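Novice: Would you be able to build a 3D model of this:
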Amino acid sequence: MSNDILTIREVAEYLKINEKTAYRLAAEGKLPGFKVGGAWRFRKDEIERLTKGQNARDESAGDA
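Specialist: Below is the predicted model:
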């Protein structure tokens with residue numbers, strides 16, 4: 001179960017982005033996350049859903 005929650009570093013590595021970018025996206029509400037004691041945490045399934053949803057939008061945009 002501990003692998004289901006990602007830290008900011010882990011989510012940045014997973015998405016292959018800089019940690020500062022991950023912080024900014026989380027603060028802007030573009031990455032679904034929550035804070036625990038001031039530290040960002042992310043549910044892996046929500047991040048996976050976000051990336052799969054982005055893929056579907058990219059593909060449908062190509063059809064237009």
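Novice: contacts and neighbour counts: CA atoms only from here.
Specialist: OK.
Novice: Please, which helix or strand holds the nearest residue to Lys35 once chain neighbours are set aside?
Specialist: Counting by C-alpha to C-alpha, 6 or more residues apart in numbering, Arg41 is the residue found nearest to Lys35 once chain neighbours are left out, at 5.9 Å. Following DSSP states H and E, one finds Arg41 within strand 39-43.
Novice: Tell me which residues of that strand come out buried.
Specialist: 40-43 (16 or more other C-alpha atoms under 10 Å).
Novice: want to throw these into a markdown table with pLDDT?
Specialist: Putting the buried residues of strand 39-43 into a markdown table (pLDDT from 0 to 100) gives the following:
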| residue | pLDDT |
| --- | --- |
| Trp40 | 97 |
| Arg41 | 98 |
| Phe42 | 98 |
| Arg43 | 97 |
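Novice: Reformat those residues as a markdown table; add distance to Thr7.
Specialist: Shown next, in a markdown table, are those (distance: C-alpha to C-alpha, whole Å):
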| residue | distance to Thr7 |
| --- | --- |
| Trp40 | 6 |
| Arg41 | 5 |
| Phe42 | 6 |
| Arg43 | 9 |
